[in-house]
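S.K.: Attaching a predicted model along with its sequence, questions to come.
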Amino acid sequence: KQEVTQIPAALSVPEGENLVLNCSFTDSAIYNLQWFRQDPGKGLTSLLLIQSSQREQTSGRLNASLDKSSGRSTLYIAASQPGDSATYLCAVDYGQNFVFGPGTRLSVLP
Amino acid sequence: DAGVIQSPRHEVTEMGQEVTLRCKPISGHNSLFWYRQTMMRGLELLIYFNNNVPIDDSGMPEDRFSAKMPNASFSTLKIQPSEPRDSAVYFCASSFGRTFSGNTIYFGEGSWLTVV
């Protein structure tokens, strides 16, 4: 069964800290992996997409890595800001379906 | 582009009533998805259309749910009759391409359904 898990479920950090969010998946036969951000009452916004052949992707203060063999991806957020507060979800593309993780709820305190 | 547009944003209805949720995908996208999000089950794919044709409806929970895509710019998700356990946020999303591979998916802001 294709399952995606994320830890921690929730995280609270002071502004300025660097932090890491984790995503694990059970089936390594993936096409790509995406990280999304969801603000309360809103839809999902794609942050980064990593193809299965890539090891990492960067966008601004965000860096996502992918290790297919171990079934893991991490999202690194540098110099966190209160505006980063949201729920972060990873989603694994298995070709005909995305399987979403449950998300990590991040709070960055000013 | 205005993005994926969903309506209504919020709906409160009584058990047994018919509910119709609407979606306008991003112009030029040929794949459309309906997802349901709940606290207990997270995000679940209900149905996926490609070029207006349903490709995978294995996530549709039961016969009370139906979805149509009469043209490239409009889709509906209907629940008849509605039940309290259908209360959730229903998201529509679209992308360009036959599969998800390598294509960013764009989500609407969701339809918040409460069945009382």
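M.R.: Arrived safely, thanks for sending.

S.K.: what residue ranges in chain B score low on pLDDT?
M.R.: By pLDDT under 70, the low-scoring segments of chain B are B:1, B:98-102.

S.K.: Residue A:37 contacts residue A:44, correct?
M.R.: Yes: assessed by CB atoms under 8 Å, residue A:37 is found in contact with residue A:44 at 7.1 Å. Yep, even glycine has a C-beta here, placed from its N, CA and C like the rest.

S.K.: So for these two, which residues contact both of them?
M.R.: In terms of CB atoms under 8 Å, 6 or more residues apart in numbering or on different chains, residue A:37 and residue A:44 are both contacted by the residues residue A:89.

S.K.: So which of these two has more stuff around it?
M.R.: Taking neighbours as other CB atoms under 10 Å in any protein chain shown, residue A:37 and residue A:44 compare with residue A:44 leading, 27 against 19.

S.K.: and the more buried one, what are its bridge partners?
M.R.: residue A:38 (DSSP bridges).

S.K.: How about the residues of chain B by chain A?
M.R.: Selection of chain B residues close to chain A by CB under 8 Å from any CB of the partner chain yields B:4, B:42-43, B:45, B:48, B:55-56, B:91, B:93, B:99-102, B:104-110.

S.K.: Drop anything exposed from those residues.
M.R.: Using 16 or more other CB atoms under 10 Å in any protein chain shown as the burial test, the residues of chain B next to chain A include B:4, B:42-43, B:45, B:48, B:91, B:93, B:99-101, B:104-110 as buried.
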